[in-house]
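[1] dropping a prediction and its sequence here:
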Amino acid sequence: MYNGLLHLHNFLRWVILFLLIVSLFQAFRKNSGLQKTSLWLLIVAHSTLLLGLYQWFAGDKGLKLIQASGFGNVMKDSVLRFWAVEHMTGMIIGIILITIARGKSKRSNYSAASWLYLIALIIILASVPWPFREGIGRPWFPGMS
């Protein structure tokens with residue numbers, strides 16, 4: 001079950017990135033379709049966050065890693081620190097920004113929403129374990145090696 005949820009979490013990153021880019025363009029263009037797109041983005045982002053929090057608490061790269069190695073040792077190792085602290089922190093900040101941007105877009109404050117979506121996109125891109133990142137890379141798509 002854990003592995004299936006990990007694959008779903010991995011797959012949903014693509015959905016989030018797609019919806020975030022679409023929402024960003026719609027906010028810059030003040031497109032009325034932003035309301036539906038940003039709602040779907042909000043739903044998928046929060047669902048992915050819940051999956052990620054479950055993995056952090058139940059998996060071996062979050063709380064259990066900190067408990068086994070000690071927080072000081074985790075913070076000294078860049079790979080362990082990424083999984084135990086940086087990935088989760090970056091994603092939570094990105095999702096908070098997406099949530100705030102959704103509220104701004106509902107009030108037709110497209111300028112603020114577009115900047116918040118842009119900052120969220122940058123933070124999320126920096127927090128994803130891309131395959132080319134040494135030591136922390138995950139496959140491009142679920143199930144790939």
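    Sure, I can see it.

[2] so where do the helices sit in this structure?
    2-28, 34-58, 63-69, 71-76, 78-81, 87-106, 110-127 (DSSP state H).

[3] list the contacts of the shortest one.
    What it means is helix 78-81. Contacts to helix 78-81, defined as Cβ atoms under 8 Å, 6 or more residues apart in numbering, come from residues 65, 69, 73-75, 135-136. Quick note: C-beta positions are derived from backbone N, CA and C, even for glycine.

[4] and those residues, which are buried?
    By neighbour count, with 16 or more other Cβ atoms under 10 Å, those hold 65, 74, 136 as buried.

[5] coming back round to it: could you dump the helices of the chain to CSV with distance to residue 141?
    Shown next, in CSV, are these (distance: least, Cβ to Cβ, whole Å):
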stretch, distance to residue 141
helix 2-28, 7
helix 34-58, 15
helix 63-69, 25
helix 71-76, 28
helix 78-81, 22
helix 87-106, 18
helix 110-127, 17
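
[6] I'd like to know which of those helices is closest to residue 144.
    Of all the helices of the chain, helix 2-28 sits nearest to residue 144, with 9.3 Å by Cβ to Cβ.

[7] other SSEs contacting the closest one?
    Counting contacts by 3 or more Cβ pairs under 8 Å, 6 or more residues apart in numbering; DSSP states H and E, helix 2-28 is packed against helix 34-58, helix 87-106, helix 110-127.

[8] could I get the buried residue list for that helix?
    For helix 2-28, burial by neighbour count (16+ other Cβ under 10 Å) applies to 6, 9-10, 12-13, 16, 19-20, 22-24, 26-28.

[9] chain center to that helix: distance?
    Relative to the chain's own centre, helix 2-28 is displaced by 8 Å; criterion: Cα atoms, centre = their mean, to the nearest Å.
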